[in-house]
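**Q** Got a predicted structure here, sequence first:
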Amino acid sequence: MSLLTVVLLGVTGYVLGSLPWGYWLSRFFTGKDIREVGSRGTGAANVWRHAGFKMFFAVALLDIGKGSAAAAIGLAAGGRTGAVVAGAGALAGHWRPLFLGFKRGGKIVATTVGVALVMAPLASVVMAVVWWLVLLATRYTSVASITASLALPPLVFIFGGSWAEVLFTLGAALAIIVLHRANIERLRQGTENRFSLHLPGLRRHTRAPVAAADPTRPLR
């Protein structure tokens, strides 16, 4: 793969990763700038907190999609190494989006899943399952993201990924940890926000309270 191809794939991945779906959709449907609330990130988790689960789901799919698109283009043009180059560009774009003036974007979790979906589909699916299981168990998206990202490199290795792909996912995991450093500090202090998981189909139903008997009412 030539140097020109590497540069073009990196730039292509960066432009795709720069599509700030969390910002655009939140702005369009709610009128809010997602960068001014919560963690001030454009990622799907922050969107969930302030725009609801449906918006989270849409943003997560789009962020996964842009990572997959970048890696697929890289794979077609430069093989597995090309997918790594374009995937790395997509993560950089999601973190510092071109279309937001290189200001802070998201924490690259969903985009990493998308890139891995092309590199090692089974590893990516297992990573997503780990994320949901940890979220349901702890109700901390930060813990779910860090745990799932750390699980990804060994999963890629187990499912036959190349060393370049394993190193890429290891780098992504380290980047995710660094981008969650404020969350880690809040976890240490016990001030990290938990999600209230009222998801479609998972809402807990409670029994209506039984009315107390009226002592003045005669028994029949």
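**A** Here it is on my side, so go on.
**Q** and the gap between Arg40 and Leu8?
**A** As judged by C-beta to C-beta, to the nearest Å, Arg40 and Leu8 stand 32 Å apart. Every C-beta, even on glycine, is put in place using the N, C-alpha and C of the backbone.
**Q** more crowded one of the two?
**A** Using other C-beta atoms under 10 Å as the criterion, Arg40 and Leu8 rank with Leu8 on top: 19 against 12.
**Q** Find the residue closest to that one in space, skipping its chain neighbours.
**A** In this structure, Leu8 finds its nearest non-sequential neighbour in Ala77, 7.8 Å apart by C-beta to C-beta, 6 or more residues apart in numbering.
**Q** now Lys66
**A** Spatial nearest neighbour of Lys66, excluding adjacent residues (C-beta to C-beta, 6+ apart): Leu16 at 4.8 Å.
**Q** returning to that earlier point: next SSE downstream of the helix or strand harbouring the residue nearest to Leu8?
**A** Assigned by DSSP states H and E, Ala77 falls within helix 53-95. Sequence-wise, the next helix or strand downstream of helix 53-95 (DSSP H and E) is helix 109-119.
**Q** angle of the least confident helix or strand in the chain by mean pLDDT against helix 53-95?
**A** One helix or strand of the chain scores below all others by mean pLDDT, DSSP states H and E: helix 44-51, with a mean of 86. Using axes from the mean of the first three to the mean of the last three C-alpha atoms, to 10 degrees, the inter-axis angle of helix 44-51 relative to helix 53-95 is 140 degrees.
**Q** what does helix 44-51 rub up against?
**A** With contact meaning C-beta atoms under 8 Å, 6 or more residues apart in numbering, helix 44-51 is reached by 22, 25-26, 29-30, 32, 34, 37-40, 55-56, 59-60, 63, 106-107, 109-110, 141, 145, 193, 195.
**Q** and with 7 Å instead?
**A** Under the contact criterion C-beta atoms under 7 Å, 6 or more residues apart in numbering, helix 44-51 has outside partners 22, 26, 30, 32, 34, 37-39, 55-56, 59-60, 63, 110, 141.
**Q** Same question for stretch 184-199.
**A** For stretch 184-199, contacts defined as C-beta under 7 Å, 6+ apart pick out 53, 136, 139-142, 183.
**Q** Of the residues you listed - the most surrounded one?
**A** The contacts of stretch 184-199, ranked by neighbours (other C-beta under 10 Å): first place Thr141, 27 neighbours.
**Q** Skipping adjacent residues, who's closest to that one in space?
**A** Using C-beta to C-beta, 6+ apart and skipping the chain neighbours, the partner closest in space to Thr141 is Ala45 (4.3 Å).
**Q** Quick check: the gap between the one you found and Gly22.
**A** Separation of Ala45 from Gly22 (C-beta to C-beta): 9 Å.
**Q** Ok, Trp95 next?
**A** Using C-beta to C-beta, we find Trp95 at a distance of 13 Å from Gly22.
**Q** what about the two, which has more around it?
**A** Taking neighbours as other C-beta under 10 Å, Trp95 and Gly22 compare with Gly22 leading, 31 against 21.
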